[in-house]
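Chemist: Here is my input, please return the structure:
(one chain, ligands or ions: 1)
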Amino acid sequence: CSNEPKQGESGNNEGKVSLTMTAWGNSAEQEVYQRAIDAYMRQNENVTIKLIPAPSDTYLQQLLTQLQGSQAPDLFYVGEVQMEQLIATGRIIELTDFLDSEDSYVSIDDFAPGIWGPARRENQIYGVSVDSNPMLLYYNKKVLEEAGLDPNEPQKLYESGNWTWENFQKINETVTASGKYGHVLENGAHHYFSWLWSNGGEMYGEDGSFVLPENERGIETFAYLTQNVVDGNFIYAGALPEGQGGDAMFMSNQTAFVSAGRWFTPMFSENDALAFDYIPYPTNTGEQIEPSFIATAYLAVGDHSKNKEEALRFLSYYTSEQGQRDRLENEGNAVPSVTTADDIIESAAIPEHAKYLIDARDIGKVEDKQALVPGLSDQLESILDLLFLGQLELDEAVVRLEKTANELIEANQP
Ligand SMILES: OC[C@H]1O[C@H](O[C@H]2O[C@H](CO)[C@@H](O)[C@H](O)[C@H]2O)[C@H](O)[C@@H](O)[C@@H]1O
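Modeler: All right, here's what the predicted structure looks like:
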């Protein structure tokens, strides 16, 4: 970042300040982020903030390298599964004093207590939640209709208490028989924890130990997912040609279901040819709805920033109720994490069942075992990739998952 001339000591800027911020996210999400940046710049005419989009698959590595060379942007998004590694660098600013100060647009109490997750260690805070994203499924009404199904079939099944794994599989069988794709199965913690929990399964015990091998419902979940991939009812996203993702297939009416938080909504709602809605994950427990994963992202400031005071002020604006309203109203990409803005989702017009985001948020969970072990999510994802690609049998995958998890958990003991 540049710094010409330096801001006044009081934090009441007289000179011009330039900040940079980076975040992952599709192009429609980047436009959403820009809304809050623009609002802040209108109120603070001496401040210029440049948003630098970054690809999500190399995001963490790039940020770690940049931080090491003090070349990172002033502010950056940090995913919940990345936070531990970022704190361990010692290169991000501890925020508590600033958040308690009068200069901050937001205060710690504005957020639901469960949202801090790995961003808070004891009483030290290293990132502020920008928003949250409970996972659910998106379904494509045209694809269902073309397969001879009622376009609102998932809805009807859900309302009648029959939105089960079995019926989900049947719909996927019907769709694939019609020549289209069923569900695009993604890898990654957001996705497999949501599936595990939809079956009452677990990967970790209360004490953080890895319990999957003895957790029957957990094993059953991975068996269900892999069998459906083998049978062609689900298509594994990692097996798609380079550059092709579930979101693109969904938008071109090739696939019936994708899983995500609200982050596909800005992009999908721009596409008039698309008819979609949300549905919670199907369950295999007899309950209508089970917890799904709540994605969280935090905004952090690098210790190398030459404009720390202004970066902190902007961080507090971006994460405040107003900053969240700027971004999340009108087909935003997430659900507010401040407790005073649920009306944004309650009044959302797109899609019809936007309220399922609130239902999924209210019952969902912020994963707090795996996320606390640096690198564990990435390593498990590599093993699951082999499983979903059909290159590992389930038994062997579970052995490898257990070995890797135990090693990293052990290495992370204080
Ligand atoms: O899987 C893609 C990414 O999903 C999350 O990010 C999304 O949710 C965040 C929390 O609401 C939101 O701030 C961000 O704009 C969305 O893209 C997750 O936090 C990421 O780690 C993940 O890469």
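
Chemist: what sits opposite the residue in the chain that the ligand sits nearest to in the beta ladder?
Modeler: Of all residues in the chain, residue 79 sits closest to the ligand, at 2.6 Å by Cβ to the nearest ligand atom. Quick note: C-beta positions are derived from backbone N, CA and C, even for glycine. With beta bridges defined as DSSP bridges, residue 79 has these partners: residue 297.

Chemist: From residue 51, how far out is residue 151?
Modeler: Residue 151 sits 37 Å away from residue 51, going by Cβ to Cβ, to the nearest Å.

Chemist: Kindly report the same for residue 30.
Modeler: 7 Å.

Chemist: joint contacts of those two?
Modeler: Common neighbours of residue 30 and residue 51, using Cβ atoms under 8 Å, 6 or more residues apart in numbering, are residue 23.

Chemist: and the stretch 101-250 of the chain, which residues reach the ligand?
Modeler: Contact residues (Cβ under 6 Å from any ligand atom) of the stretch 101-250 of the chain with the ligand: 130, 131, 132, 133, 190.

Chemist: ok, the third one touching residue 333?
Modeler: Yep, that's residue 132 we're talking about. No - look at residue 132 against residue 333 with Cβ atoms under 8 Å: they stay out of range, at 11.2 Å.

Chemist: Low-confidence stretches in the chain?
Modeler: Residue ranges of the chain with pLDDT under 70: 1-14.

Chemist: all strands for it, in order.
Modeler: In the chain, the strands defined using DSSP state E lie at 17-23, 47-53, 75-79, 120-121, 124-125, 128-134, 136-140, 181-185, 234-236, 255-260, 276-279, 294-301.

Chemist: mind putting the ones you listed in CSV, mean neighbour count included?
Modeler: Output for the strands of the chain, formatted as CSV (neighbours: other Cβ atoms under 10 Å):
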stretch, mean neighbour count
strand 17-23, 22
strand 47-53, 17
strand 75-79, 24
strand 120-121, 16
strand 124-125, 16
strand 128-134, 26
strand 136-140, 24
strand 181-185, 24
strand 234-236, 22
strand 255-260, 25
strand 276-279, 22
strand 294-301, 26
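
Chemist: Make TSV out of these and add distance to residue 269.
Modeler: Formatted as TSV, the strands of the chain follow (distance: least, Cβ to Cβ, whole Å):
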stretch	distance to residue 269
strand 17-23	20
strand 47-53	20
strand 75-79	22
strand 120-121	34
strand 124-125	34
strand 128-134	16
strand 136-140	11
strand 181-185	19
strand 234-236	24
strand 255-260	13
strand 276-279	9
strand 294-301	19
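
Chemist: Report the separation between the residue lying closest to residue 275 once chain neighbours are set aside and residue 153.
Modeler: Closest residue to residue 275 apart from its sequence neighbours, by Cβ to Cβ, 6 or more residues apart in numbering: residue 141 at 4.0 Å. To residue 153, residue 141 is 9 Å away according to Cβ to Cβ.

Chemist: Residue 229 is in contact with residue 187, isn't it?
Modeler: No - the pair residue 229 / residue 187 is not scored as a contact, 11.1 Å apart, by Cβ under 8 Å.
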